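Student: Test case, fold it:
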Amino acid sequence: MTRRELVLLLGGALTAARTLRAQQNAMPVVGYLGSESPGPFAPFVDAFRHGLSETGYIEGQNLAIEYRWAEGRYDRLPALAADLVSRNVDVIAAFGIPSALAAKSATTTIPIVFGVGDAVGRDLVASLARPGGNLTGVSLINVELTPKRLELISELVPQAGVIALLVNPNNANTERTIRDVEEAAHAKGVQLIVLKAGTENEIDAAFASLVQLHAGALLVQTDPFFNDRRDQIVALASRHAVPAIYGLREFAASGGLISYGTSFTAAFHLVGVYAGKILAGAKPADLPVQQPTAFELVVNLKTAQTLGRVVPPSILARADEVIE
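Tutor: From the prediction side, this is the model:
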């Protein structure tokens, strides 16, 4: 063997050893697939990372996270999911029904942990107790609470004979939401107006219609796109002096009148915990889908005062948080 051949042989062996060590020391990668934008969802992402850290995985230390944001454009999700799969991430965390469905369509092998509404009804899992396949996560109870929100806003604004419902036509749960609220409105003896908005301009137009139709109160669908635009929606409700109820605490914290729904912070935290367990070796099929057991009723008294509304003691007594 010549000296040149020996050098090439040793060099190849060294490169192979370095490659092996790099592979052995490579950090696991979580793919985050969100239908929303990063800014408004930053607190929820922090909760997700905190859940991961509780299982020993800290971003930048022993874990990498690849973020993909659809920014309210649900049509982008299939390509974003396919990109994460092509990068061979270890786990995909998908938030919202559109994201979870896109992830499910993209892979049958990479574990998927979701935070969604009706996981069984949308055929993401076989059952909550035994999800089967490569998906598990948290099934949020939000659509089911929409009729309860109608009751609350009716209790807060009893003179409102016309109530508007703002929905995103691109949301997979919209038809069910409309149907449930129509039934609740009929039972309450109030007229329901359905307003649809899938863009910023359509949100502005919806509020203009709401005023023209003399709606006395507003119910806003829980939707990732609306959460991205929560400052716009809250500002329009304030400008038009329309009492409105939302599904997320963050709307009330941003100046909305009242909110009632599942804690997204707690849900994202649990998704992080599940993702960490899977990275540690657990199988999605062995982790039952979790459901929230607590719901937040938040009242913003500052906004109520601005609107000239007196919040009934019956609501204040049930409130989990009162913003003064």
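Student: Now do the same contact list for the residue lying closest to Pro28 once chain neighbours are set aside.
Tutor: Spatial nearest neighbour of Pro28, chain neighbours left out: Asp90 (4.5 Å); criterion: C-beta to C-beta, 6 or more residues apart in numbering. C-beta here means a position set from N, CA and C on the backbone, and glycine is covered the same way. By C-beta atoms under 8 Å, 6 or more residues apart in numbering, Asp90 lies in contact with Pro28, Val29, Val30, Ile110, Pro111, Ile278, Leu279.
Student: Filter those residues down to the buried ones.
Tutor: Buried members of those, counted by 16 or more other C-beta atoms under 10 Å: Pro28, Val29, Val30, Ile110, Pro111, Ile278, Leu279.
Student: Among those, which lie within helices?
Tutor: Ile278, Leu279 (DSSP state H).
Student: from the buried ones among the contacts of Asp90, which is closest to Leu287?
Tutor: Ile278 (7.5 Å; C-beta to C-beta).
Student: For the nearest residue to that closest one once chain neighbours are set aside, which residues are in contact?
Tutor: Leaving aside its sequence neighbours, Ile278 sits nearest to Pro111 (C-beta to C-beta, 6+ apart; 4.8 Å). Counting by C-beta under 8 Å, 6+ apart, Pro111 touches Asp90, Val91, Ile92, Asn134, Leu135, Thr136, Ile278, Lys283, Pro284.
Student: let's go with 10 Å and repeat that
Tutor: Neighbouring residues of Pro111 by C-beta atoms under 10 Å, 6 or more residues apart in numbering: 30, 89-93, 133-136, 274-275, 277-279, 282-285, 287.
Student: likewise Gly121?
Tutor: Ile97, Ser139, Val143, Ala172, Asn173, Arg176 are the contacts of Gly121 under C-beta under 10 Å, 6+ apart.
Student: three-state assignment of Leu236?
Tutor: Leu236 falls in the helix class when you classify it by DSSP: H, G, I helix; E, B strand; the rest coil.
Student: okay but it is in contact with Glu202, surely?
Tutor: No. The criterion here is C-beta atoms under 10 Å, and Leu236 misses it with Glu202 at 11.9 Å.
Student: List the residues that are in contact with both of those two.
Tutor: With C-beta under 10 Å, 6+ apart as the test, Leu236 and Glu202 both reach Leu166.
Student: more crowded one of the two?
Tutor: Leu236 (21 against 15; other C-beta atoms under 10 Å).
Student: what's the pLDDT at that one?
Tutor: Looking at Leu236, its pLDDT is 97.
Student: burial of the closest residue to it other than its chain neighbours, as a residue count?
Tutor: With sequence-adjacent residues excluded and distances taken as C-beta to C-beta, 6+ apart, Leu236 is closest to Phe207, at 4.4 Å. Neighbour count of Phe207, defined by other C-beta under 10 Å: 24.
Student: Would you confirm that Phe207 contacts Arg229?
Tutor: No. At 11.7 Å, Phe207 and Arg229 do not qualify as touching, with contact defined as C-beta under 10 Å.
Student: Need the residues touching each of the two.
Tutor: Listed as contacting both Phe207 and Arg229 by C-beta under 10 Å, 6+ apart are Ala197, Ala235, Leu236.
Student: how about these in JSON lines, adding distance to Gly256?
Tutor: Formatted as JSON lines, these follow (distance: C-beta to C-beta, whole Å):
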{"residue": "Ala197", "distance to Gly256": "16"}
{"residue": "Ala235", "distance to Gly256": "10"}
{"residue": "Leu236", "distance to Gly256": "11"}
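Student: quick check, nearest of these to Asn168?
Tutor: Ala197 (6.5 Å).
Student: That closest one and Asp223, how far apart?
Tutor: Separation of Ala197 from Asp223 (C-beta to C-beta, to the nearest Å): 10 Å.
Student: residues shared between the contacts of those two?
Tutor: Leu166, Val167, Asn168, Asn170, Arg229.
Student: So which of those sits lowest on pLDDT?
Tutor: Ranking the shared contacts of Ala197 and Asp223 by pLDDT, Asn170 lands last with 88.
Student: which SS class is the residue nearest to Pro43 when sequence neighbours are not counted?
Tutor: Nearest residue to Pro43 in three dimensions, chain neighbours excluded: Thr265, at 6.5 Å (C-beta to C-beta, 6+ apart). Secondary structure assignment for Thr265 (three-state DSSP): helix.
Student: Check Ala94 too.
Tutor: Under three-state DSSP, Ala94 comes out as strand.
Student: Show the pLDDT at it.
Tutor: 96.
Student: In the protein, where is pLDDT below threshold?
Tutor: Along the chain, the parts satisfying pLDDT under 70 run over 1-25.
Student: How many residues are close by Leu63?
Tutor: Leu63: 21 neighbours (other C-beta under 10 Å).
Student: That one and Val29, how far apart?
Tutor: 8 Å.
Student: can you check Lys188 too?
Tutor: 49 Å.
Student: for Arg87, same thing?
Tutor: Taking C-beta to C-beta, one finds Arg87 at 7 Å from Val29.
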